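**Student:** build me a structure from this.
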Amino acid sequence: MTTIATMSLLAEAVSDSVTEAVNGAIFGTEGVWFLIGAALVFFMQCGFAMVESGFTRAKNAGNIIMKNLMDFCIGTVTFTLLGFGLLCGEDALFGLVGLPDLGIFTDFANFPWHNFVFNLVFCATTATIVSGAMAERTKFSTYCIYSGIISLVIYPIEAHWIWGGGWLVQNGFVDFAGSCAIHMVGGIAAFIGAKMEGARIGKFTKDGKPKAILGHSMTLGALGVFILWFGWYGFNGAAAGDADYLGQIFLTTTISPAIASCTTMMFTWIKNGKPDVSMTLNGSLAGLVAVTAPCADVDALGAAIIGIVAGLLVCFGVWLLDYKLKVDDPVGAVAVHCLNGMWGTLAVGLFATGKGQNGITGLFYGGGVRQLGIQALGLVSVAAWTIVTCTLLFFVLKKTIGLRVSRHEEIVGLDSTEHGLLSSYADFIPTMHVEGIDEDSEREVMTISAGVENAVPVEHKPADSVSRAPAGDVKMTKVEIITKPERFEVLKNSLYNIGITGMTVTNTMGCGMQKGSTEFYRGVPVEARLLPKVKVEVVVCKVPVDKVVEVAKKALYTGNIGDGKIFVYDVENVLKVRTGEEGYDALQDNE
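**Tutor:** Numbering: from 1, shown residues only. I've put the predicted structure just below:
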């Protein structure tokens, strides 16, 4: 029996040793999962680029992509030179800052490569949040500067307080994956930048009422959200201590955004009459941001409650900026990252179970108010640091090189004016030609209504100067029909049945907004919409015009708004290019 007991103990010891060795190779700050998580966080740059591009207009898509690329590349340079040292260097000044060094160049063999890469990709995330709120009107040169400075100084110092051994972590502050250190900081910077540079042209009326400026591709926006959600498993899970904690983190990182999405969908459905696509996508991101700090310390119920609040909070944040603060945030970055970063930071002190990776207990699980107080202290301290430094940064940039582009550049689009890119979709839509402007003149685009009389002159010829058809007194008439795409087949077959075999069909867009019918985009009424239409043109002489009109009316009529319109024009002459026939003869199909 003694031998069996000894062997059992030996087997258990060996099993523990193997488990410890495997966990050491996979988890921890030098484990392979740590680097895989960093790679997933890097891939989130693609997600941010897609969300920002999809939620803004096509004329700025290339500029958005360029900014999301360069904030990581520029951030890599600045973080290498100074940022990493300020974040992870030896603690100094009572935990306020790390001592920078150039160990990456002077002692590369002993440099903490894993830790550097991991912190670098998180740093880049902070900088890229700002670009969304300031999209479509910020100078590219200005963006490069402030993005670099955020990665150089602003983020590394406050992150040192939380993750680098600084004063906050010494006092028990917990922000497991960055609700405070990354998202709240990026959101505050985004708010300050968007406020100081002003709204996009046309976002607000003269009396301050917000107007909807629709993004050009909800498909890209949705793709970006799915990419971000996928990357968030690395964002939250990379620092997991073992497989059990990793499973817990994956679970909470799934539940919170799912619940938040449902909450936002239902709220917008009830409020606006229809579920808002872009707001629901923002709800997913809000749930992810809110659970980022407490993901390793809360259970499923806590994650669900965090998600519910996040889904409502993002709707409130978008409304607050549009209707009360008059701050133009095209992608909802402030509502998603700033407000929900704050909420996630405080949620640690409310819902921590005491059984998570950090071993802390929140107010609702019997831990009292101590942890909540520490979380509030950290939130206020980091927010104060960010407000002071970012206000100073944007003020200096505004007074020196300027924050925003000229009126002309904003209206034409930053792809063309900032990058010489005529269109990010050159093979899909026609590019817009922009006339050259004198360098000494005001760089501004005039609206068409300002100079209709100065447009290309049109010569109007009297009817008797036009060649008449040689086919005698046969009258030719053009009938132009505009209708919904779904009615086209019925119309086409009806026209065929009365002998109309030739027609020209064009896919077009038309204003379909009727008085009293209001749609909403991100909670803001859409004043006018262009809806897909089909334009059918026929020229008739043998078939009576009245018959064509009557048949068309019967084919199109449903009794609903948008059935269509019919226009009738007199035609002076028709020429058949191949045969040279004119008038009535040109309209006949004799072959």
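**Student:** from now on I want contacts and neighbour counts done on CA atoms only, so please keep to that.
**Tutor:** Fine.
**Student:** V334 against A133, yeah?
**Tutor:** Yes - using CA atoms under 8 Å, V334 makes contact with A133 at a distance of 7.1 Å.
**Student:** and V41, what element?
**Tutor:** Using DSSP states H and E, V41 sits in helix 32-54.
**Student:** the nearest residue to S53 once chain neighbours are set aside: neighbour count?
**Tutor:** Sequence neighbours aside, A61 is the residue nearest to S53 in space, at 5.2 Å (criterion: CA to CA, 6 or more residues apart in numbering). By other CA atoms under 10 Å, 25 other residues sit near A61.
**Student:** just the CA atoms of whichever helix or strand A61 is part of, as CSV, please.
**Tutor:** Using DSSP H and E, the element containing A61 is helix 61-78. Extracted C-alpha coordinates of helix 61-78, given in CSV (Å, rounded to 0.1, in the frame of the first residue of the first chain):
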residue,chain,number,x,y,z
ALA,A,61,-12.1,56.1,-47.7
GLY,A,62,-8.4,56.2,-48.8
ASN,A,63,-7.6,58.8,-46.2
ILE,A,64,-9.2,56.7,-43.4
ILE,A,65,-7.1,53.6,-44.5
MET,A,66,-3.9,55.7,-44.6
LYS,A,67,-4.5,57.0,-41.1
ASN,A,68,-5.1,53.6,-39.7
LEU,A,69,-2.0,52.3,-41.3
MET,A,70,0.2,55.2,-40.3
ASP,A,71,-0.9,55.5,-36.7
PHE,A,72,0.5,52.0,-36.1
CYS,A,73,3.7,52.7,-38.1
ILE,A,74,4.4,56.1,-36.6
GLY,A,75,3.5,54.7,-33.2
THR,A,76,6.0,51.9,-33.6
VAL,A,77,8.8,54.5,-34.1
THR,A,78,7.8,56.7,-31.1
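**Student:** against which helices or strands is it packed?
**Tutor:** Packing partners of helix 61-78 (3 or more CA pairs under 8 Å, 6 or more residues apart in numbering; DSSP states H and E): helix 32-54, helix 113-133, helix 140-149, helix 414-419.
**Student:** V334 and A133: which is more packed in?
**Tutor:** V334 (32 against 27).
**Student:** how near is the more buried one to V185?
**Tutor:** From V334 across to V185, the span is 10 Å (CA to CA, to the nearest Å).
**Student:** got it, and A286?
**Tutor:** A286 is 15 Å from V185, by CA to CA.
**Student:** re earlier: average pLDDT for the helix holding A61?
**Tutor:** For helix 61-78, mean pLDDT rounds to 94.
**Student:** now the element after that helix, going C-ward?
**Tutor:** helix 84-88.
**Student:** which outside residues touch that next one?
**Tutor:** 97-102, 116, 119-120, 153, 156-160, 163-165 (CA atoms under 8 Å, 6 or more residues apart in numbering).
**Student:** restricted to helices, list the residues you listed.
**Tutor:** 116, 119-120, 156-160, 163 (DSSP state H).
**Student:** of the contacts of helix 84-88, grab the buried ones for ChimeraX.
**Tutor:** Of the contacts of helix 84-88, the buried ones can be selected in ChimeraX as follows, counting by 16 or more other CA atoms under 10 Å:
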select :97,98,99,100,101,116,119,120,153,156,157,158,159,160,163,164,165
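**Student:** shared neighbours of V334 and A133, anything?
**Tutor:** Contacts common to V334 and A133, judged by CA under 8 Å, 6+ apart, are 190-191.
**Student:** any idea of the pLDDT on the nearest residue to Y425 once chain neighbours are set aside?
**Tutor:** Spatially, and ignoring its direct neighbours in sequence, Y425 is nearest to A58 (7.9 Å; CA to CA, 6+ apart). The model reports A58 with a pLDDT of 91.
**Student:** contacting residues around A58?
**Tutor:** Neighbours of A58 in contact, by CA under 8 Å, 6+ apart: 215-216, 423-425.
**Student:** distance check, it against V174.
**Tutor:** 41 Å.
**Student:** thinking again about what came up before, packing partners for the helix holding V41?
**Tutor:** helix 2-26, helix 61-78, helix 113-133, helix 218-237.
**Student:** the ones you listed: which one's closest to W319?
**Tutor:** Closest to W319 of the helices and strands packed on helix 32-54 is helix 113-133 (CA to CA; 14.6 Å).
**Student:** where's the closest residue to Q45 other than its chain neighbours relative to T219, distance?
**Tutor:** The spatially closest residue to Q45, leaving aside those adjacent along the chain, is N68, at 6.6 Å (CA to CA, 6+ apart). Here N68 is placed at a distance of 18 Å from T219 (CA to CA).
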